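Q: Just to be clear, the model below is a prediction. Sequence and coordinates:
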Amino acid sequence: MRTVASAPPAARARRALPLCAALLLAACAAESPPPAHGSSQMAGMMLDPQLSEISGLAASRRHADVLWMHDDGGNPERLFAVSTHGDRLATLRIDGVTKTDWEDIAAFELDGRAYLLIADTGDNGGLRRSLQLHVIEEPAKLENARLKPAWSIAFRWPDGARDCEAVAVDVQRKQVLLISKKRRPPELFALPLMPAGNALQTATRLGALAGIPEPDAQTLRNSPARAKLQGQVTAADVSPDGRTLAVMTYRYLLLYPRAPRQTWAEAVAAKPRISDLPWLPQAEALGWSADGRSLYATGEFIPAPLYRIAP
């Protein structure tokens, strides 16, 4: 969800200067080996105007070196197939759904098929009484086309509306994980991935996320608005092996490892591994690579770098 106020042309130009300078770096990084443990590299640059409001990212389980992305509310119901260098490969319209505020996407495999789960869960005003998740089977070909959901899940929160921009799938438990954005600390909820029937589901609260960094005194003094935002959760993803929950805020990357017999409630109650994100224009999209060795991340404005992060 776009939260930064519109800037005048001169300010936008100044903001874009670092990205313009980074174009050459992106070209070099495109053929580089994976980043070293604990580091990040620029995998590419997103310049296509249609990718100007990306709020969700997931690595394809069917097509090598392809990322699925979607844009924010106010745009058509569509998915983009994007290369790991940031080039748009195809645009797919999703029929039979209404897009209110798509905020995250997750990729998973189930019974030998590759799926994408789209989360229509944004609610800046805290007004929505019900929300939707749409599960779509990945297409066999990367070409412009129209798709329909394999199934959808309508749900509500157990105790009133809240904004949510982070959704992940634990396919081993056939569970959808959702993380609230503006509550402090952020809350973790769960839903069945394949509920019986079409009844409205109620999300189950599992617990709260520990370890979200608090703003330092200098940031609070100099930029109270930034201080308020930097710990808000904007994306999440479960690693392909099901062992680690990655959580993105506007400033940080948090990793919550889960032991074999642990629940996710227990995992997120423990101290996470925390690192600063590389610079992004409003960090809102994060997803594990299909091999689980790294994470891809990008932001909501164009031009935007596409990073590959080795946790």
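A: Sure, I can see it.

Q: From here on, just use CA atoms for contacts and neighbour counts.
A: Noted.

Q: Please enumerate the strands of the stretch 151-300 of the chain.
A: Taking DSSP state E, counting those that start in this stretch as the criterion, the stretch 151-300 of the chain carries its strands at 151-156, 164-170, 175-180, 187-192, 201-202, 204-208, 233-238, 244-249, 252-257, 273-276, 283-288, 295-299.

Q: can you map out the strands along the stretch 1-150 of the chain?
A: For the stretch 1-150 of the chain, applying DSSP E, counting those that start in this stretch gives strands covering 40-46, 54-59, 66-71, 78-83, 88-94, 102-110, 113-120, 131-137, 145-147.

Q: out of those, nearest to Asp276?
A: Nearest to Asp276 among these is strand 40-46; the distance by Cα to Cα comes to 10.5 Å.

Q: partners of the closest one, with directions?
A: strand 304-309 (antiparallel) (DSSP bridges).

Q: can you pull the buried residues of stretch 106-119?
A: By neighbour count with 16 or more other Cα atoms under 10 Å, stretch 106-119 contains the buried residues 106-109, 114-119.

Q: That one - what's its average pLDDT?
A: Averaged across stretch 106-119, pLDDT comes to 98.

Q: pretty sure Pro213 is in contact with Gly231, am I right?
A: Yes - counting by Cα atoms under 8 Å, Gly231 is a contact partner of Pro213 at 6.5 Å.

Q: Looking at these two, which one has more neighbours?
A: Using other Cα atoms under 10 Å, the more surrounded residue of Pro213 and Gly231 is Gly231, with 22 against 13.

Q: May I have the predicted confidence score for the more buried one?
A: The model's pLDDT for Gly231 equals 93.

Q: Give the full set of residues in contact with it.
A: Gly231 makes contact with 212-215, 249-252, according to Cα atoms under 8 Å, 6 or more residues apart in numbering.

Q: Please convert these to JSON lines, extending it with distance to Ala43.
A: Formatted as JSON lines, the contacts of Gly231 follow (distance: Cα to Cα, whole Å):
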{"residue": "Ile212", "distance to Ala43": "27"}
{"residue": "Pro213", "distance to Ala43": "27"}
{"residue": "Glu214", "distance to Ala43": "30"}
{"residue": "Pro215", "distance to Ala43": "29"}
{"residue": "Thr249", "distance to Ala43": "20"}
{"residue": "Tyr250", "distance to Ala43": "20"}
{"residue": "Arg251", "distance to Ala43": "19"}
{"residue": "Tyr252", "distance to Ala43": "19"}
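
Q: any idea which of those is the one closest to Pro281?
A: Of the contacts of Gly231, the one sitting nearest to Pro281 (Cα to Cα) turns out to be Tyr250, at 9.2 Å.

Q: from memory the closest one sits against Trp279, does it?
A: No - with contact defined as Cα under 8 Å, Tyr250 does not count as touching Trp279 (9.8 Å).
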